[in-house]
Every structure is written in structure tokens, then in C-alpha cells.
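[1] mind folding the following:
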Amino acid sequence: MIKKIVKKIKGIIYKAACSNNAPSKLALSFAIGLYISFSPVPGGHTIMMLAAKWLFKLNLPVLLLGSTLNNPWTIVPFFAADYVFGYWFLHSVIGWNPTWIISLAKVFGSGSVCFWSFFIGGNILGILAAIISYPIMLGLFRKINAKISQQAVRSQT
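    As a prediction, the model looks like this:
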């Protein structure tokens with residue numbers, strides 16, 4: 001099962017690299033998709049993905065690949081990381097206790113969970129993941145494009 005998934009992901013990346021899109025556009029598609037994965041808007045990922053595709057004219061399969069890293073099996077670790085990082089950032093780094101603005105306890109009766117920790121943590125982690133993934137994916141797509149070009153030259157001779 002895992003081999004099938006890996007083969008499918010490789011196929012998506014290879015087909016995207018074979019398309020007329022520049023490697024920088026494909027890397028940007030993945031990076032924005034990864035940001036969407038960390039986004040603290042449950043249920044809004046699909047809308048964000050389609051809006052990003054339309055606004056920035058991104059490659060939809062690569063954007064989808066990046067954004068589906070957060071799926072039903074990984075949603076709890078992603079959102080837990082969002083909250084823990086956001087809580088640490090707000091309370092330890094900034095020293096701000098924003099519980100007076102919006103607390104999930106007031107909205108859902110969920111105890112002392114701070115909405116702002118979740119929201120800010122998700123956005124910061126998403127931006128960091130996008131910044132880190134962009135050069136990695138850019139190198140990958142450039143490498144695949146070079147390989148495709150070499151194969152095209154060999155087949156012509």
C-alpha cells in the first residue's frame with residue numbers, strides 16, 4: 001500500500017515536471033500547498049487551495065500534493081504542533097496572554113485552550129514550512145527537468 005502511494009506521488013511530481021510549468025512555479029505550488037496544510041482553518045483547506053490555484057495560476061496536482069500532507073490521519077499532529085508552537089511563541093517569546101480576546105472556552109466550552117495560540121502557531125509554522133520546502137522542491141524539479149532534457153537529446157540522436 002505504501003509503495004503504491006509513493007509511486008503515485010512520484011508520478012505526480014514527474015508529470016508536473018514534464019508539463020510546461022517552470023520549476024519555480026511548481027516549487028511555489030508545493031510550498032503554498034504546504035502552508036495550507038499547516039493553516040489553522042479546519043475545513044477551509046480546499047477553498048484556500050482552489051483560491052491559490054486561481055489567484056496565482058499554480059499547478060493544481062502539485063498544490064494538492066502539498067496541501068494533502070494534512071489529512072485525516074495527520075490532522076491531530078498538525079493541529080497539535082500549531083497549538084503548542086503558538087502557545088510557546090505567544091507566552092514565552094512575546095510574553096502576551098491574549099485570553100481576554102477570544103478563548104475557545106468561551107466559544108466551545110473547551111477549557112483553557114487559547115484560540116490565538118492555535119491561529120498564530122499554524123500560520124508561523126506554515127510560513128516556515130513553505131520557506132524551507134521551496135528551495136528543496138525547486139532543486140528537485142530542476143533535477144527532473146534536466147533529466148528529461150537529457151533523455152530528449154539522447155532520443156533525437
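[2] use CA for all of it now, contacts and neighbours both
    Will do.
[3] so for the helix or strand in which Arg154 is found, what's the average pLDDT?
    Using DSSP states H and E, the element containing Arg154 is helix 115-156. Across helix 115-156, pLDDT averages out at 88.
[4] over to the residue nearest to Phe119 when sequence neighbours are not counted: give its phi and psi.
    In space, not counting the residues next to it along the chain, Phe119 is nearest to Pro40; the distance is 5.5 Å by CA to CA, 6 or more residues apart in numbering. Reported as degrees, to the nearest 10, the phi and psi values for Pro40 are phi -90, psi 40.
[5] and the helix holding Arg154, how far out from the chain middle?
    Between the centre of helix 115-156 and the centre of its chain there are 10 Å (CA atoms, centre = their mean, to the nearest Å).
[6] what helices and strands are in contact with it?
    Contacts defined by 3 or more CA pairs under 8 Å, 6 or more residues apart in numbering; DSSP states H and E place helix 115-156 against helix 2-18, helix 23-38, helix 75-88.
[7] if we can go back for a sec, mind checking how far the residue nearest to Phe119 is from Phe56?
    21 Å (CA to CA, to the nearest Å).
[8] more neighbours, those two?
    More neighbours surround Pro40 than the other of Pro40 and Phe56, with 22 against 11 (other CA atoms under 10 Å).
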